[in-house]
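S.K.: Mind looking at a prediction? Sequence and model below.
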Amino acid sequence: MSLKKMRESPGLIIANPTAGTVGPDLVADLVAQCRRFLPDVEVHWTTGRGDATKAAREAAERTATRLGVVFAVGGDGTVREVVEGFTAARPQHRDGPALMVVPAGTGNSNYLAHWSDCAWPVAVTAALSGQRSESVGAEVRMLDLCRLTQTREIVLLGACSGLIAEALVYARDVPLSGRPRYREALARAAEANRPYPGRVEVDGVLIHEGPTVLANVGGGRYRGGQYKILPRSILDDGLLDVCVIGAETRAADVPELTRHGAHLGRSGVVYASGRRITISRQDGEPLWFEHDGELLPREHAAVTLEVLPGRLPAVCRSGRALG
């Protein structure tokens, strides 16, 4: 789907009313912008978990009035549901609707990966007008996705064993919201962390074996909208990046180190990329493991992630490496 063809087709807004900053005013502003440039725009307010996936799948499967763009208005969880709907659609058209993220959640890591620090109204104007807005241009890119082979689930931003997964447990008891909640939860998890006996393979090659604080695979460079764990990741290079932090680095130091990518080059930190990555625990116990901020049941001592290259059409900032 080219930008020109996208602008000639109707659009759909999928908005999550429970996301951090979603409200009628934000959606009304987005509708007004869309009506300046698109022939038509619809609004779908989600009603619960999974509803965005259903709406996105139906949008991608339309034939009579094929959509040009689907706006995901909400946080990273809303974006992931929309992407799940796209990937579940039959048939999957390369010229189907493109995703455009409008950030209205807490971390907003997907928007950060696609548009950096650009304000969303500027991004939307650049995408829909076909002209550079405040020196910002737009283009449609075919982004990579990832599949967790044990569950067949789609992974969008990234997946992690150890510390980041454990932080999701602590987050349940943190009386804050937004990014401060995640910072506090990660700090608590880091203080309590006990490295696990881990092993990581990339395309069949062993890159790490021993005490492990975390192994992060992705996907986007940032987790939680603020921790730059995969600073070399590019979203459309056909590869998955992986960063392993061994016990040579104290878990308590990880939050501050990863805020700006200062963990790279430290003893016990390994960074690599490949198409198939396996993370395992060597004592037979199940891994603490999450993807896209969702904690998985502790059922697997090993997990494998495979890249799905060029699967997601997304409207992104032009002229930059996406991560």
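M.R.: Okay, I see it. Residues are numbered from 1 along each chain as shown.

S.K.: And for stretch 19-26, what's in contact with it?
M.R.: Applying CB atoms under 8 Å, 6 or more residues apart in numbering, the external contacts of stretch 19-26 come out as 15-17, 73-75, 77-78, 102, 104-106, 177-178. (C-beta placed from N, C-alpha, C; glycine too.)

S.K.: Show me what counts as buried in that stretch.
M.R.: 19-20, 22, 26 (16 or more other CB atoms under 10 Å).

S.K.: same question, stretch 311-323
M.R.: 311-317, 322-323.

S.K.: domain ranges for the protein?
M.R.: 3-136, 153-310 (automatic domain parsing).

S.K.: Format those domains as CSV; extra columns: mean pLDDT and distance to Cys146.
M.R.: Conversion of the domains of the chain to CSV gives the following (pLDDT from 0 to 100; distance: least, CB to CB, whole Å):
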stretch, mean pLDDT, distance to Cys146
domain 3-136, 91, 11
domain 153-310, 95, 4
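
S.K.: of these, which approaches Leu143 most closely?
M.R.: Checking the domains of the chain against Leu143 by CB to CB gives domain 153-310 as the closest, at 4.7 Å.

S.K.: first vs last residue of stretch 259-268, how far apart are they?
M.R.: Its start and end residues considered, stretch 259-268 measures 18 Å (CA to CA, to the nearest Å).

S.K.: Show me what the strand ranked longest in the chain is packed against.
M.R.: Longest strand in the chain by number of residues (criterion: DSSP state E): strand 302-317. In this structure, strand 302-317 makes packing contacts with helix 76-88, strand 98-103, helix 109-115, helix 120-129, strand 138-148, strand 158-162, strand 276-281, judged by 3 or more CB pairs under 8 Å, 6 or more residues apart in numbering; DSSP states H and E.

S.K.: hmm, back to that, from the contacts of stretch 19-26, which would you call buried?
M.R.: Buried among these (16+ other CB under 10 Å): 15-16, 73-75, 77-78, 102, 104-106.

S.K.: Looking at those residues, spot the one nearest Pro286.
M.R.: Looking across these and measuring by CB to CB, the closest to Pro286 is Gly77, at 23.7 Å.

S.K.: Need the max-distance pair from the buried ones among the contacts of stretch 19-26.
M.R.: Across these (CB to CB), the longest gap, 15.9 Å, separates Ala15 and Thr106.

S.K.: count of neighbours near Ile207?
M.R.: When neighbours are defined as other CB atoms under 10 Å, Ile207 has 17 of them.

S.K.: what's next to the helix or strand harbouring it, contact-wise?
M.R.: Assessed by DSSP states H and E, Ile207 sits inside strand 205-218. Contacts to strand 205-218, defined as CB under 8 Å, 6+ apart, come from residues 146, 155, 157-164, 193, 195-201, 223, 229-230, 233, 240-247, 249, 251, 254, 270, 272, 274, 277, 279, 282, 305.
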